[in-house]
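In: predicted model and sequence follow; I will ask about them next.
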Amino acid sequence: MLIDLYYNKATGGVTATATDTTTNKTQSVTIAEGTSALFTSAEVAGLIRNPSSPPAGDLRLWQFTNSHVTTYSGTRGTMTGNWVTSQVIDTTNGKASGHVVFSPSFLFNNGANFGAWLRTYLR
């Protein structure tokens, strides 16, 4: 799956495009209109809701590859660049004292690749 999210200067809106790389089928949708749609931050994330039970071992659910970012002003980079990045880690109680349930991997391939992992945890 290839996902592209961009501010369209011509229409003044934000467009999201998803392409199935196995079939080359593409679908685009405008998700915001007008100049008020400019972003001040961005997030790349995976989300799971209440897994019924932990996996027997750590399980990679998603792999993000060749990820790139271009700012409105034209600054380009991978997930790392001229901006602040942080990892968000989900725990059983939503606090640092809980067992890790879901977390990203480290960045690799010069910051362009990472995974999202369902972690083994105690119930």
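Out: That came through fine.
In: wait, doesn't Leu59 sit right on Ala116?
Out: No - using C-beta atoms under 8 Å, Leu59 is not in contact with Ala116; the gap is 10.0 Å. For glycine as for every other residue, the C-beta is placed from the backbone atoms N, C-alpha and C.
In: centroid-nearest residue for this protein?
Out: For the chain, the residue nearest the mean C-alpha position is Val44 (2.0 Å; C-alpha atoms, centre = their mean).
In: mind pulling up the pLDDT for that residue?
Out: What the model reports as pLDDT for Val44 is 77.
In: which one's more surrounded, Leu59 and Ala116?
Out: Between Leu59 and Ala116, Ala116 has the larger neighbour count (other C-beta atoms under 10 Å), namely 18 against 12.
In: and for the more buried one, nearest residue in space, chain neighbours not counted?
Out: Gly46 (3.6 Å; C-beta to C-beta, 6 or more residues apart in numbering).
In: residues in contact with the residue nearest to the centre of the chain?
Out: Contacts for Val44 were tallied using C-beta atoms under 8 Å, 6 or more residues apart in numbering; they are Phe64, Ser67, Met79.
In: thank you kindly, that will do.
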